[in-house]
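Asks: generate coordinates for the sequence data below:
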Amino acid sequence: MNSLRIGLNQARLFLTFGVPVTFGVIGITGWFLGGLAMRPSLRAYQQLQQFTADASHELRAPVATVLSNAQVALMPPEDPLEQRLRLQNIVQTAKSMSTLINDLLFLSRHNGSFAETGLKPVDLCEILRSLAQDFAALAPAQSLNFNAHLPEHPIMLKADANLLKQAVINLLTNAFKYTPADGKVELHLFTQSHYAVIQVKDNGIGIPSTDLPHIFDRFYRVDTVRSRQTGGFGLGLAIAQQIVQRYGGQITVNSMLGQGSTFQISLPLKL
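Replies: As a prediction, the model looks like this:
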């Protein structure tokens, strides 16, 4: 009976202390693992909230501009010249809003990696050569020197030609915007190891080192006033990065304030 009593006491002691401690450890472990599992969802939710707030903020200003111009144009006395000016402002603002909405739709739709079956072999040299011709025609109007350094032999990879064009156009457009008159913009293409490398170089105003980690963030502007004057919404680089990352590539930047910037796209050569 003594041995049985001792066994019962030990069982009672385990039930009194061991079971609650065990459940407590299980609960704490579950809470910790649940928190780890929820982190990506919470981060995505926070990014969605920030993105929605930024988009609403960007759309509020042009909507107010359209409304104010329409109201002034309707005020008597009706001056045809004044009305025409107001209508031109409305058209320009509407175009700007359309560009913003298209960029937002692009960012929301083109998410994740590409399906290999939807890609076709394209010649990167041919794509960049056509872009170089377009920007070479624009350079004289902005008093810029534009040069393209492209290899004679084709550089083939599987891609969507239109999306690749869009990524490079965004980089060249930025270079043209932020390079002063008589400045230089260069487009380079070469292969390095198993990658095709595209470089867009300029000797423009450059980017402060404190801003470099954030320039690929959506709606981020190094200089808000200057960006608004040039019609930028801070989405061009985010779109370029999203396109490049979908190909398993990488986009980087080196810049010095007052000396210029070099944006580099590295794309894996896969056929």
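Asks: which parts of the stretch 1-150 of the chain are strands?
Replies: In the stretch 1-150 of the chain, strands defined by DSSP state E, counting those that start in this stretch lie at 120-123, 145-149, listed in chain order.
Asks: what's the most buried one of those?
Replies: Compared across these, strand 145-149 shows the largest average neighbour count, a mean of 16 (mean count of other CB atoms under 10 Å). (Each C-beta comes from the backbone N, C-alpha and C, glycine too.)
Asks: still on that earlier bit, of the strands of the stretch 1-150 of the chain, give the one that comes closest to Y195.
Replies: Comparison of the strands of the stretch 1-150 of the chain against Y195 by CB to CB identifies strand 120-123 as nearest, at 15.6 Å.
Asks: just checking, what packs against the closest one?
Replies: Where contact means 3 or more CB pairs under 8 Å, 6 or more residues apart in numbering; DSSP states H and E, strand 120-123 is packed against strand 156-159, helix 161-177.
Asks: where among the strands of the stretch 1-150 of the chain is average confidence lowest?
Replies: Least confident of these, judged by mean pLDDT, is strand 120-123 with a mean of 87.
Asks: so what strands line up beside that strand?
Replies: Applying DSSP bridges to the sheet, strand 120-123 is found paired with strand 156-159 (antiparallel).
Asks: which outside residues touch the strand it pairs with?
Replies: 116, 119-124, 196, 247, 267-271 (CB atoms under 8 Å, 6 or more residues apart in numbering).
Asks: low pLDDT regions in this protein?
Replies: Where the chain drops to pLDDT under 70, the residues are 13-15, 17-19, 43-59, 61, 77-78, 100, 103-104, 106-118, 221-233, 271.
Asks: can you pull up the most central residue in it?
Replies: Closest to where the C-alpha atoms of the chain average out (CA atoms, centre = their mean) is A238, at 0.8 Å.
Asks: for whatever helix or strand that one lives in, buried residues please.
Replies: According to DSSP states H and E, A238 maps onto helix 236-246. Neighbour counts using 16 or more other CB atoms under 10 Å place 236-244, 246 of helix 236-246 among the buried residues.
Asks: pretty sure L172 is touching V200, no?
Replies: Yes. Using CB atoms under 8 Å, L172 is in contact with V200, at 5.8 Å.
Asks: need the overlap of contacts for these two.
Replies: Common neighbours of L172 and V200, counting by CB under 8 Å, 6+ apart, are 185, 187.
Asks: follow-up on the earlier one: adding distance to G7, write the helices and strands packed on strand 120-123 out as JSON lines.
Replies: What follows is the helices and strands packed on strand 120-123, written out as JSON lines (distance: least, CB to CB, whole Å):
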{"stretch": "strand 156-159", "distance to G7": "72"}
{"stretch": "helix 161-177", "distance to G7": "73"}
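Asks: show me the one of those that comes nearest V91.
Replies: Evaluated over the helices and strands packed on strand 120-123, closeness to V91 peaks at helix 161-177, with 21.2 Å, by CB to CB.
Asks: how far does the helix or strand immediately after that closest one in the chain sit from the chain's center?
Replies: The helix or strand immediately downstream of helix 161-177 is strand 184-192, counting by DSSP H and E. How far strand 184-192 lies from its chain's middle: 21 Å, per CA atoms, centre = their mean, to the nearest Å.
Asks: remind me what strand 184-192 packs against, helices and strands.
Replies: Packing partners of strand 184-192 (3+ CB pairs under 8 Å, 6+ apart): helix 124-138, strand 145-149, helix 161-177, strand 195-202.
Asks: show me what contacts I243?
Replies: 110, 163-164, 166-167 are the contacts of I243 under CB under 8 Å, 6+ apart.
Asks: now the residues you listed: which count as buried?
Replies: 163-164, 166-167.
Asks: now distance to R86 too, for the strands of the stretch 1-150 of the chain, in a markdown table please.
Replies: Output for the strands of the stretch 1-150 of the chain, formatted as a markdown table (distance: least, CB to CB, whole Å):
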| stretch | distance to R86 |
| --- | --- |
| strand 120-123 | 45 |
| strand 145-149 | 36 |
